[in-house]
Structures are given as structure tokens and as C-alpha cells.
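Colleague: this is a predicted model, with the sequence first.
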Amino acid sequence: MGSLGALVKHPDDFYPLLKLKMAARHAEKQIPSEPHWAFCFSMLHKVSRSFALVIQQLDTKLRNAVCIFYLVLRALDTVEDDTSIATDVKVPILIDFYRHIYNCDWHFSCGTKNYKVLMDQFHLVSTAFLELEKGYQEAIEDITKRMGAGMAKFICKEVETVDDYDEYCHYVAGLVGLGLSKLFHAYGSEDLAPDSLSNSMGLFLQKTNIIRDYLEDINEIPKSRMFWPRQIWSKYVNKLEDLKYEENSAKGVQCLNDMVTNALIHVDDCLKYMSALHDNAIYRFCAIPQVMAIGTLALCYNNIEVFRGVVKMRRGLTAKVIDRTKTMADVYGAFYDFSCMLKAKVDNNDPNAQKTLSRLDSILKTCRNSGVLNKRKSYIIRNQSNYTPLLAVMLFIILAIILASMNPNWPNN
């Protein structure tokens, strides 16, 4: 439930964290009893706990389709990410993966930890896939085929230009956005969104992950994964791995800020996509990851720690996002707050400062023009010191009561 130190510093995280914990337990109890479906949903919880929570809120038919869609693409991604697989073995698997999902006997051992379990038991995912309605199967097959071909292309091709970067992100994430839009439309509650907007939904999330995961990707063994485009990083260093060295800290941060500025170009499309959704469960499913992404970019911007370790939102803030993201007013408010946080970090001496500020001003204007900013709770807390001691005391009282109630000697009425 997060460290005690973080709770003392942010005592208002306690209730959202408690609700998140309870929701996670409830979701685990909703896992179907059939062995193949039980495997799929339990695996979903293991490879993406927060994603599993928002999926569980969907109606059963759509929930099952999205779960299988996610696991199929996660398996495909596991093959792509495993740098120990020889290229002449990997490429045919990626290209033919859309056929393997129809084969209940197929599996391929690769990846590590839970991802290896997913690949070893992939026949259970195929069994569940074959129970989906035809429309869902066709959408999943189409996106898997296109994504596998795109991944195979970039196994043999480096990300040189920003256009290459956008193309790669389209294959690995933009197509996810297109696929989800197809699933929502097949379900019957949503109009089919324009491909450009669906694509931007995926690109914004993928670019955020690529920025955040720089150190993990560059340190991958036996071979680095390099997704930052040469067109951007070559302005600052001679080799992409040079960004992680302390002597290049200043240049590294400038390159990082350039990458964040590039990601911000997709925000307006994302807001348009979400504002057109009708089904509340689908809306929350789409909106929560987008809010997490803008929050993560606000943390990463101008932050040297991206090249030193892991930069991510604290669990309490994540819990708040999941708890609060219910309407477009909440999304506009979150994007406004996190954009303000990011804007406050912009150094006018940064070579991309004016471009960054221009894109942030566009986002802030869109949020203000929504006319709903006064209908949400702010993520920017001012004068926190005035109430933190009182909340901390209340937190410890609540914790004491919970711990006491767990004591076997606690009196029963």
C-alpha cells in the first residue's frame, strides 16, 4: 500500500490507496472459473495490475475481448523484446504470430518471469481467443498481423528519424489504439473513431514509456534496445548510451526535454478522442492511462534521474488518478494540472523551451476552453504544510484501528 514515509508526506493518499487495494481484491475474486479464462485473467493481473483493474470494469463480452487482445499483444511484444532470440528466428515468429493465435497447440518459450509463463502457456490464451465472437476475433487478428509485420521491419531497421520514431510507435502502440476502437465499435456502444485520433492515443502512451524506460532499455542484456530517434539524440551526444554518463548530464537533460516536447504533440488528439466516448466504463478504461502518461511526463521533464534509475508516479498519486478519473472534467483538470507542473519546470535557456511552452500553452488553452476546470479536484496542492500534521495524525489513528481490529483479541460484538 506504499511506504509509510510516503503516506506521512502525502496522508491524503491513504483513502485512494485503500480503495485501490479493495478494488484489486474484488477484481481477483471476479476471475472466471474455466481454466483457460482463469489463466488469462490471473496473468493479466500479474503483467499489468493497474490495467487489469480498469479492464474488469468493462461489460463481460468486451472485458473478455480486451483481456485477450492485451495478452496476445503482450506475448507478441515479449518476442520482440527478448534480445537473446536470433533475428532469423524472431522475424518469422513476429510475421506469423497472427496465425499462431488460432493454434491451441502453439507456444514459444522466451521472456522472463511472468512473461515466460505467458509464452509457455500461450495455448490457453488461444483457447480463450477462439471463444470470442467473430467480430472481436477479426479485429484482434488484423491488428496482430499488422503489428507483427511492423515489429519485424524494425528488428532489421534502426530508428533514425522522427518519422521512423512515429512509424515504430504506430506499429507497437498506435495499432493498439486502432484495435481498441474496433473492439469498442464491435461492442456497439461507440462510433468508430478516426484512425488518426486512435493512433495518437497509442503514440502518447508509447512515447511516454520509451522516455521513462531509457535506462532499462539501454542496459538490456545481451543487446541494448534503442528507440530514441537519432535525429533527436544526435544533436546532444555521439552515441545514445552516452546520455546515461554523468559528464553528459546537461546535454542528457536537454535531449530528454526534446523527447518530452515531441510527445506533447499528441495531447490534443487524445483529448478529442476521449471527449467523444459515450460508455463510462470504456471512457475510464481509456482515460486513466492517458492521465498517468501526462503525469509521468511532468515527472520526467528536466529530470536527470531518468538516466540514473526509475522515474514513476508514486503509488498514492496513481491511486488518486484511478479514483478521480470519471468524467471529461476530471481529465481536463488532470491534464491542466500536470501541464502546469511541467510548465513550471521549463528553463528558458533550454534549446527547446519555446517549442515546449507553445505546446503546453495549447494544452492549457484546450483545457480552459472546456469550461469545466472548476468541477474537479486539483492535483496541485498548495499550502500543504497547513494541514499535513492533522492528516498525518488522522492517518495514524486509522492505521491503529485497522491493526487493532486484525488482532485476534479484538473484542467481538
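Modeller: Nice, I can see it. Bear in mind that the values here come from a model prediction, so they are computed numbers and not experimental data.
Colleague: what residues does I140 make contact with?
Modeller: A65, I68, F69, V72, I101, F129, L132, G179, L183 (CB atoms under 8 Å, 6 or more residues apart in numbering). C-betas here are computed from N, CA, C, even on glycine.
Colleague: kindly recompute the last result at 7 Å.
Modeller: With contacts defined as CB atoms under 7 Å, 6 or more residues apart in numbering, I140 is in contact with I68, F69, V72, F129, G179.
Colleague: list just the nearest of the residues you listed to R25.
Modeller: R25 has its nearest neighbour among those in I68, at 23.5 Å by CB to CB.
Colleague: how about the nearest residue to V321 once chain neighbours are set aside, what does it touch?
Modeller: Using CB to CB, 6 or more residues apart in numbering and skipping residues adjacent in sequence, the residue nearest V321 is V291, 5.0 Å away. The contact partners of V291, by CB under 7 Å, 6+ apart, come to V321, T325, V331, A334.
Colleague: how far away is the first one from L197?
Modeller: If I follow you right, that is V321. 22 Å (CB to CB, to the nearest Å).
Colleague: hang on, the earlier thing: out of the contacts of I140, what pair is the most spread apart?
Modeller: Going by CB to CB, the pair spanning those furthest: F129 and G179, at 13.4 Å.
Colleague: hang on, the earlier thing: so which of the contacts of V291 is the most crowded?
Modeller: V331 (28 neighbours; other CB atoms under 10 Å).
Colleague: got the phi/psi numbers for the residue nearest to R49 when sequence neighbours are not counted?
Modeller: Closest residue to R49 apart from its sequence neighbours, by CB to CB, 6+ apart: A24 at 6.7 Å. Dihedral pair for A24: phi -60, psi -40, per degrees, to the nearest 10.
Colleague: try N238
Modeller: Torsion angles, degrees, to the nearest 10, at N238: phi -80, psi -30.
Colleague: can you report how many residues lie near it?
Modeller: N238 has 9 neighbours, counted by other CB under 10 Å.
Colleague: and it, what pLDDT?
Modeller: With respect to pLDDT, N238 has a value of 97.
Colleague: ok, now the one 5 residues further on?
Modeller: Confidence at L243, expressed as pLDDT, is 97.
Colleague: which residue is the nearest non-sequential neighbour of it?
Modeller: G252 (4.3 Å).
Colleague: quick check: the one you found touching D242?
Modeller: No. At 8.1 Å, G252 does not count as touching D242 under the criterion of CB atoms under 7 Å.
Colleague: compare these two (neighbour count), which wins?
Modeller: More crowded of G252 and D242, by other CB under 10 Å: G252, with 23 against 16.
Colleague: pick out the residue nearest the middle of the protein.
Modeller: P289 (5.1 Å; CA atoms, centre = their mean).
Colleague: circling back: residues making contact with the helix or strand hosting the residue nearest to L243?
Modeller: Using DSSP states H and E, G252 maps to helix 249-263. With contacts defined as CB under 7 Å, 6+ apart, helix 249-263 is touched by 162, 204, 207-208, 211, 228, 232-233, 236-237, 243, 297, 300-302, 304, 306-307, 350-352, 355-356, 359.
Colleague: tell me the buried residues within the residues you listed.
Modeller: 204, 207-208, 211, 228, 232-233, 236-237, 243, 297, 300-302, 306-307, 350, 352, 355-356, 359 (16 or more other CB atoms under 10 Å).
Colleague: so where's this structure uncertain?
Modeller: Judged against pLDDT under 70, the low-scoring parts of the chain cover residues 1-8, 27-28, 380-413.
Colleague: re the thing from before, show only the entries of the contacts of I140 found in helices.
Modeller: Among those, the ones falling in helices (DSSP state H) are I68, F69, V72, F129, G179.
Colleague: and the nearest residue to S84 once chain neighbours are set aside, how close does it get to D12?
Modeller: Nearest non-adjacent residue to S84, counting by CB to CB, 6+ apart: P222, 6.1 Å away. P222 is 45 Å from D12, where distance means CB to CB.
Colleague: so for those two, which sits in the more crowded spot?
Modeller: D12 (17 against 6).
Colleague: and the helices in the stretch 101-250 of the chain?
Modeller: 113-120, 122-129, 134-155, 162-169, 175-187, 195-212, 214-218, 230-233, 249-263 (DSSP state H, counting those that start in this stretch).
Colleague: and of the ones you listed, who's closest to D105?
Modeller: helix 122-129 (6.0 Å).
Colleague: list the helices and strands the closest one packs on?
Modeller: If you count contacts as 3 or more CB pairs under 7 Å, 6 or more residues apart in numbering; DSSP states H and E, helix 122-129 packs onto helix 35-47, helix 60-81.
Colleague: buried deepest among those helices, which one?
Modeller: Most buried of these, by mean neighbour count (mean count of other CB atoms under 10 Å): helix 60-81, with a mean of 21.
Colleague: next one: that helix to chain centre, how far?
Modeller: 14 Å (CA atoms, centre = their mean, to the nearest Å).
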